[in-house]
Every structure is written in structure tokens, then in C-alpha cells.
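> Sequence and predicted structure are below.
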Amino acid sequence: MTKSPLFVALLLSAATFITLASAEIKSLTISDDDRPMILFEKFGFTRSGHVSVSVSSVSVTSPSSTTIPDPSRLGFFLMSEESLLQVLLEIQQNPSFCVLDSPYVLRLFTFHDLSPPPSSKYEHLSPVTSPNEYSLFFTNCVRDTKISMKVRTEMYNLDPNGSKDYLPAGSTRLPGLYFLFFLGYLGFLGLWGYVCWINKRVVHRIHVLMAALLLMKALNLICAAEDKHYVKVTGTPHGWDVLFYIFQFIRVVLLFTVIVLIGTGWSFLKPFLQEKEKNVLMVVVPLQVLANIASIVIGETGPFIKDWVTWNQVFLLVDIVCCCAILFPIVWSIRSLRETSKTDGKAARNLAKLTLFRQFYIVVIGYLYFTRIVVFALKTIAAYKYLWVSNAAEEVASLAFYMVMFYMFRPVEKNEYFVLDEEDEEAAELALKEDDFEL
């Protein structure tokens, strides 16, 4: 390829790690774009897969008015991950190589097939006979040219009854999966309400926030199920994506807030927050607003926009910062309890609290590690037909984390951590001396 072979190689490599949740029908406009290659989306096809690409209002501009760009050097193609190394090798061996000439890609059409100006449009529908996960690319092999066009993409598999399924092969189970977990969280919310009711004399404000968190999680899941269902059936979310992002934002902010407040001991150990604990919340909440904006941009656009990779990096960076920030209040509580245990003479109670917060610290670390690292690994190594497994693993881990956290800080009149007999004092003092509770 004659233009930026390094850029092409990096984009092709990045396509391997891109995971798109849905492949709903997309219509977009590209204006004066000089990128040598544009990645549109990724889709898992079955044997009954089809891809439809329509372009209109196409214009190719070049600084040299005397040179007419060769229309056969601009076009759309599909490429599987298995073909990636071969294409990269071809580009490395010949920097002027055009990907459209590679035998390892499935060429759909070039601009040579377009109707003559001024309409300059073309509609292409092609079956995908070899089941696999493919990435849809547009490539421009003409140096110093800019492309403007309107593009409509439609990818789907046909069900046995002939209906179109617009979800990739690895995501077609997601509507049912999310609905199942919605029912689980609904039952969890009912159980939590019952526990709070029978122990209403010791219910604190944090327990109300925890109930709100369960409600938002359940609403987030039902919206995700409806979103995926309508995309699966019609190719468009019918507004459910808006509700999904709203409840996702509230749910994530509530989750991080609840973890921070529990980590500080607010409401059930002390009625106020220290200044440094307030500062953590003042950092985490705005960052979560930014993270959710990035999530919306990532989910509702796609890799075809120039800043899509940047938004992914912003989301990743903000998520890492928030995950680290929420651990500080737990560490501060452990240190504070450790110092208090040396002076207040309540060794048994302090030992129980220290044990509780250290266990909570470990649980939070495990949850963050699994949902950020293990889930990403599953998405990377799983076959394209089983991408739903990573979503299921993430939801199972989240449900397990919620259950453990809610059990540890449930409202009970005689909490095993906070109501201990005096006879435990000597054993607790000895344990505190032997164990320094360092993290």
C-alpha cells in the first residue's frame, strides 16, 4: 500500500483486540478522510451469514487535479483474524502493496463498481459462506486522496426459520442471559428488603443505598436484555440503549460510592466522613461521569471515527484510577482500627472489625481483578461463537461479589463482628499482637 504501511499494520493488529457488543444496522458519514484504512465493525458469521454495504454521495479528492485516482484501488473487504498475519507479511515485504489485491481477504467491491457521478452510489449484498469472525474494512490505496461518502452497513445471520439475526454468533444468547440475571437480582432485592424489614431497628443509611444499587443493577440488566433483543430482531435498539446507558451510569456511580462508603465505615461505624474520604468521592464520581461518556462514545459510534481509540484509552485509564481510588478508604479504615486497638481496650471488637475490613479488601481486589483482567482474557482467547461466556463470567462474578458484600454488611441486631463476649478479649489481644494486619 502506498500510504502509511505502519498505520495499516497497527490498525490490522488492533482489530484483533476490538470487541463490539452488537452489529446493529449502522448509517454513518465520512468527510474528507485521508486514512489509508478504516475499520467499521467486527461480526461473527455462521454458514448463513450475509453482509450488506451501501455507499452514496461518494467523492474522491486529490491535490493534483490532473491525476484521476484509480477507482479500483479504493474499496471494501472482509478479513478474518486467521488471515491477519499473512496480510501483515505481505505489507512488510512490499510497502506499496494494496490489501485489495491480497488473496487472504474477501473483497466485496471497489469504487470501480460505483454508478457514474453525480449519484456515485452502489449497494452490495454478499453471502459469507465460510463461517468465522470477520472485520469489515474500507481501504484507500491511492496516495494523497481524501474520501467523502455516506455508508450503511448491515450484517446478519439467518435463523433456521429464515429471519435475520443481527447479533454476532457469539452474542446471540445475550438477551436471555441478561434477562436471567435480571430475575436473579430482582429476587436478591426482595430478599434484601426482607432482611432490612425484620432488622429495621439496625438498618442504616448505607443499607438503603445498597438496596438502590440492587435496583439499578436489575434495571440495567433488563434494559440490556431489551436492547440486545431488539438489535437481534430488528437491527436497531428502539431507544433501549438510551435507558441502558442511563441506568448503567447510575449503577456504576452507586457501586463505587457504596464501596467507598463501606470502606470508610460510614453510617454503621461512624455518622460522618473525614475530609480525605470526601475527597475520594469527589474524585471518583466525576471520573465515573467521564468514564460513562467514553462508554457511550465507544458503544454508539465505532472504530470508524478517528478518535475511537482515544476514547477507549480514556475509558481504560479512568477505570484504573477509580479502581485504585476506592481501595484507599478500606486501607485507611484498617490502619485506623489498628491504631485504635492499642489504646481503647476493646480488643475483641477491634479484631472483629479488622478481620471484616481485611476480608472486604481482599473481596474487592478479587472482584476488580476478575472483571478487568480475567474477563478480558476470556474475550481474547474464547472462540468467536462463545464470546457470550465472558459476559456470563462477568455477571456471575458481579453477582457473587454483591452477595458476599451484602452478607458481610447486612443489618443484624447481633452482628458476629460487632457484638462479642468479654471472654474473647484475651484471645483477641493476643491475636492483635501476633498479627499486624498489614496489607
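Received, thanks.

> Show the contacting residues for Gln359.
Met408 (CB atoms under 8 Å, 6 or more residues apart in numbering). C-beta coordinates here come from the backbone N, C-alpha and C atoms, glycine included.

> That one and Gly265: what is the separation?
Separation of Gln359 from Gly265 (CB to CB, to the nearest Å) stands at 14 Å.

> go on, Leu177?
Taken as CB to CB, the span from Leu177 to Gly265 is 36 Å.

> Which one's more surrounded, those two?
Gly265 (22 against 19; other CB atoms under 10 Å).

> Surely that one touches Ser333?
Yes: judged on CB atoms under 8 Å, Gly265 makes contact with Ser333 at a distance of 5.4 Å.

> What is the burial count for Thr380?
11.

> Next one: it, what pLDDT does it get?
Looking at Thr380, its pLDDT stands at 86.

> One more: the one 4 residues further on?
Confidence per residue is given as pLDDT, and for Tyr384 that number is 89.

> Name the nearest residue to it, sequence neighbours excluded.
Glu133 (3.6 Å; CB to CB, 6 or more residues apart in numbering).

> any idea how far that neighbour is from Ser171?
11 Å.

> circling back to that earlier point, list the beta-bridge partners for the residue nearest to Tyr384.
In this entry, Glu133 is beta-bridged to Gly44, by DSSP bridges.

> Now do it against Met155, distance only.
11 Å.

> Which residues are in contact with each of the two?
43, 45, 168.

> that's a helix at Phe406, yeah?
Yes: Phe406: assigned to a helix according to DSSP: H, G, I helix; E, B strand; the rest coil.

> I'd say it and Ala211 touch.
No: applying CB under 8 Å as the test, Phe406 and Ala211 come out as separate, 9.5 Å apart.

> any common contacting residues for the two?
By CB under 8 Å, 6+ apart, the residues touching both Phe406 and Ala211 are Trp192.

> So between Glu133 and Ser171, which is more surrounded?
Using other CB under 10 Å as the criterion, Glu133 and Ser171 rank with Ser171 on top: 26 against 18.

> just checking, Arg35 is part of a helix?
No: if the criterion is three-state DSSP, then Arg35 is coil and not within a helix.

> ok, it to Val87 distance?
17 Å.

> Tell me, how many residues neighbour Ile320?
Neighbour tally, Ile320, other CB under 10 Å: 12.

> What strand or helix carries it?
Element membership of Ile320 [criterion: DSSP states H and E] is helix 308-325.

> Next, the contact list for Val253, please.
285, 288-289.

> let's see it at 10 Å
213, 216, 284-285, 287-289, 291-292 (CB atoms under 10 Å, 6 or more residues apart in numbering).

> most surrounded residue in those residues?
Leu213 (25 neighbours).

> can you pull the contacts of that residue?
Per CB under 10 Å, 6+ apart, neighbours of Leu213: 185, 189, 192, 250-255, 257-259, 402, 405-406.

> ranges for the helices of the stretch 201-350 of the chain?
With DSSP state H, counting those that start in this stretch as the criterion, the stretch 201-350 of the chain has helices at 205-234, 240-264, 275-300, 308-325, 328-340, 347-369.

> Ok, which of those comes nearest Val60?
When the helices of the stretch 201-350 of the chain are compared by CB to CB, helix 308-325 sits nearest Val60, at 23.2 Å.

> Would you map the strands across the stretch 1-150 of the chain?
26-33, 37-44, 49-61, 74-80, 106-110, 122-128, 133-140, 146-158 (DSSP state E, counting those that start in this stretch).

> The fourth one: how far from the chain's middle?
Put simply, strand 74-80 sits 26 Å off its chain's centre (CA atoms, centre = their mean, to the nearest Å).

> That one: partners in the sheet, and parallel or antiparallel?
Partners of strand 74-80, by DSSP bridges, with direction: strand 106-110 (antiparallel), strand 133-140 (antiparallel).

> do the same with the first one
When sheet partners are counted by DSSP bridges, strand 26-33 sits next to strand 146-158 (antiparallel).

> What residues sit buried inside the strand it pairs with?
Neighbour-count burial for strand 146-158 flags 146-147, 149, 151, 153-157 (criterion: 16 or more other CB atoms under 10 Å).

> now, of the strands paired with strand 74-80, which is deepest in the fold?
strand 133-140 (a mean of 24; mean count of other CB atoms under 10 Å).

> For Arg152, see how far away the most centrally placed residue in the chain is.
Centre of the chain computed as the mean C-alpha position; nearest residue by CA atoms, centre = their mean is Ser295, 7.3 Å away. For Ser295, the distance to Arg152 equals 25 Å [CB to CB].

> tell me the pLDDT at Leu85?
In this model, Leu85 carries a pLDDT of 83.

> Phe138 now?
92.

> before we move on, the earlier item: looking at the contacts of Leu213, which has the most residues close by?
That'd be Ile259 among the contacts of Leu213, by other CB under 10 Å, with 26 neighbours.

> Could you report the neighbour count for the closest residue to that one other than its chain neighbours?
Among residues not flanking Ile259 along the chain, Ile326 sits closest, at 4.9 Å (CB to CB, 6+ apart). For Ile326, the neighbour count with other CB under 10 Å is 23.

> Could you tell me which residues make contact with Ile326?
255-260, 262-263, 280-281, 283-284, 364, 368.

> switch to 6 Å and redo it
By CB atoms under 6 Å, 6 or more residues apart in numbering, Ile326 lies in contact with 256, 259-260.

> Then Gly75?
100, 109-110.

> Quick check, the residue nearest to Tyr384 in contact with Gly44.
Yes: Glu133 lies in contact with Gly44 (CB atoms under 6 Å); the separation is 4.5 Å.

> Now the common contact residues for the two.
Shared contacts of Glu133 and Gly44, counting by CB under 6 Å, 6+ apart, come down to Tyr384.

> in the helix or strand encompassing Trp192, what's buried?
Assigned by DSSP H and E, Trp192 belongs to helix 174-198. In terms of neighbour count (16+ other CB under 10 Å), helix 174-198 has its buried residues at 174-175, 177-179, 181-182, 184-186, 188-189, 192, 195-196.
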